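Q: Build the 3D model from these lines:
(one chain, ligands or ions: 1)
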Amino acid sequence: MRCNNCGNDIAGGVNFCPVCGATLQSSEKGKLSLIVALAGSVVSFLALFLPFLKISLFYSESQSLSLMSGNLRTDGLILSAILVGGVLLILTGKNSKGIRNFVVGGIVCFIALVDLFNNKGRLSAGSLITVSAGIGFYLVMLGGIAIIVSGVLRNKNM
Ligand SMILES: [Zn+2]
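A: I've put the predicted structure just below:
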């Protein structure tokens with residue numbers, strides 16, 4: 001690999017450039033962490049518009065609800081605000097332990113899980129109605145987990 005500071009070719013797997021002494025591993029990992037955090041946020045955000053819940057009524061076609069529709073809309077808007085604010089928090093400040101990433105990713109996953117189970121309980125009160133998770137739920141979770149993973153990449157002690 002090539003040192004970003006002096007441009008010399010150096011062997012991989014070292015933390016410091018042997019020529020100029022610049023830190024390598026942390027900046028490479030920092031970039032990767034940022035890419036994973038941004039990708040996770042974009043996936044979670046786009047997933048807000050995909051079917052979060054699939055509702056099947058006895059004898060009728062199943063319907064799907066995204067987090068931006070009906071009663072779920074408030075939670076969808078809260079999640080969008082958390083994602084946008086979370087990206088800004090992750091991009092600013094020192095955050096060398098990736099704590100901000102863990103908090104943002106954790107909150108995103110937590111809200112998605114609470115929404116799924118709350119609405120499952122609320123909507124499937126009658127035995128004729130079944131409620132299951134849609135692709136939107138899984139993608140919001142995937143994005144949240146990616147943001148948590150980006151925190152692990154950012155944490156210099158891990
Ligand atoms: Zn160098």
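Q: Spell out, range by range, the strands that occur in the chain.
A: 51-57, 63-66, 129-133 (DSSP state E).
Q: so what does the shortest one touch, helix or strand wise?
A: Think strand 63-66. strand 51-57 (3 or more CB pairs under 8 Å, 6 or more residues apart in numbering; DSSP states H and E). (C-beta placed from N, C-alpha, C; glycine too.)
Q: partner strands of the strand it packs on, parallel or antiparallel?
A: strand 63-66 (antiparallel), strand 129-133 (antiparallel) (DSSP bridges).
Q: would you turn those into JSON lines with mean pLDDT and distance to the ion?
A: Listed next are those as JSON lines, based on pLDDT from 0 to 100; distance: least, CB to the ion, whole Å:
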{"stretch": "strand 63-66", "mean pLDDT": "92", "distance to the ion": "49"}
{"stretch": "strand 129-133", "mean pLDDT": "88", "distance to the ion": "49"}
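Q: who wins for proximity to residue 155 among the ones you listed?
A: Closest to residue 155 of the strands paired with strand 51-57 is strand 129-133 (CB to CB; 30.2 Å).
Q: Apart from its neighbours in sequence, what residue is nearest residue 46?
A: Leaving aside its chain neighbours, residue 46 sits nearest to residue 139 (7.3 Å; criterion: CB to CB, 6 or more residues apart in numbering).
Q: next one: residue 2
A: Here the residue nearest residue 2, using CB to CB, 6+ apart, is residue 9, at 5.8 Å.
Q: circling back: turn the strands paired with strand 51-57 into TSV, columns for mean neighbour count.
A: Shown next, in TSV, are the strands paired with strand 51-57 (neighbours: other CB atoms under 10 Å):
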stretch	mean neighbour count
strand 63-66	17
strand 129-133	16
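Q: Kindly reformat those strands as CSV containing distance to residue 90.
A: Output for the strands paired with strand 51-57, formatted as CSV (distance: least, CB to CB, whole Å):
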stretch, distance to residue 90
strand 63-66, 25
strand 129-133, 27
